[in-house]
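In: Build the 3D model from these lines:
(one chain, ligands or ions: 1)
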Amino acid sequence: MSNLYHPAIHFQRVNYSINDTNILTNITGSFPDGKITTLAGPSGAGKSTLLKLCNGLISPTSGNIYIHGKHIQEYKPVDLRRSVGIALQNAPMIRGSVFRNMALPFELAGKKLTEQEALSFLEDVGLDKSFLHRDSKDLSGGQRQKVSIARTLVNRPRILLLDEITASLDQNSSKDIEQLIVDINRTYDVTIIWITHHLEQAMTIGHYTWVLMNGKVIETGESSLLESPKTDEVKRFVEGGT
Ligand SMILES: Nc1ncnc2c1ncn2[C@@H]1O[C@H](COP(=O)(O)OP(=O)(O)OP(=O)(O)O)[C@@H](O)[C@H]1O
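Out: Okay, the predicted model is just below:
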């Protein structure tokens, strides 16, 4: 159940700059709990930077970020990484089997993942047990992405950040991953924040959307706003896709 009053993540006047250049300016807004919110906008708008702020990979130059009502700086880094998972476009894998890839992050946190547990997470992403001992370098793009998501689920995150995870996949694999994310959102009640360049994907999969341009949030609301934007700049972006 979505809770707009206790958002999964809340940004309060967040600025982020590098060498005096503003990358993100005065970002204020919430990501509703248990919902899928997409981040749309042209290349260089600041989408990936915003995502990295959400799990503490980088910190704001000024302003505050709250995760489930608690200031992000109050979380231990290890707890933050566990409750806010991230999956990237190229789904980087370490050398070795799928099981090794799933178990290593857990081992680094001083825990042990059994093969049985790994199997249940693989099943959740639609991969059967024959994948457990496959070499990660022999996976297709779509399968890599599924393993990357399964590896994130091992930590039972409450929030999942997705950075263009379907961008390098063919249409069928892309649809497969879209359905998987919708299922994960429903089954586990995980809040999803998803960067996508596909506006159609944003409209069909996302409950909400944020449109960023030039480091600023220009429009936010239900995904249907992409069908009838209020501002000329978002209208131009939707029409031209730039
Ligand atoms: N470490 C950095 N040093 C200098 N500039 C940076 C750095 N990281 C990001 N930027 C700049 O910040 C801006 C926003 O980058 P970001 O990757 O967040 O955009 P994006 O919306 O995710 O783009 P894309 O859709 O192309 O991935 C860009 O102009 C980028 O060049």
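
In: Next, the buried residues of stretch 161-178.
Out: 161-166, 169, 173-174, 176-178 (16 or more other Cβ atoms under 10 Å). No exception for glycine: its C-beta is placed from N, CA and C like everyone else's.

In: which element is the residue most central in space within the chain on?
Out: Centroid-nearest residue in the chain: Leu161, 1.7 Å away (criterion: Cα atoms, centre = their mean). Following DSSP states H and E, one finds Leu161 within strand 159-163.

In: for Asp79, same thing?
Out: Here Asp79 is assigned to helix 77-83, by DSSP H and E.

In: got a list of what the residue nearest to the centre of the chain touches?
Out: Counting by Cβ atoms under 8 Å, 6 or more residues apart in numbering, Leu161 touches 51, 54-55, 84-87, 193.

In: any weak-confidence spans in the chain?
Out: For the chain, applying pLDDT under 70 flags the ranges 1-5, 241-242.

In: do that again at 50, thanks
Out: The chain contains residues with pLDDT under 50 at 1-3.

In: Could you pull out the helices in the chain for me?
Out: 47-54, 77-83, 98-108, 115-124, 141-153, 171-188, 199-205, 232-240 (DSSP state H).

In: Now render the ones you listed as TSV, adding distance to the ligand.
Out: Listed next are the helices of the chain as TSV, based on distance: least, Cβ to the nearest ligand atom, whole Å:
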stretch	distance to the ligand
helix 47-54	3
helix 77-83	20
helix 98-108	24
helix 115-124	28
helix 141-153	17
helix 171-188	17
helix 199-205	13
helix 232-240	12
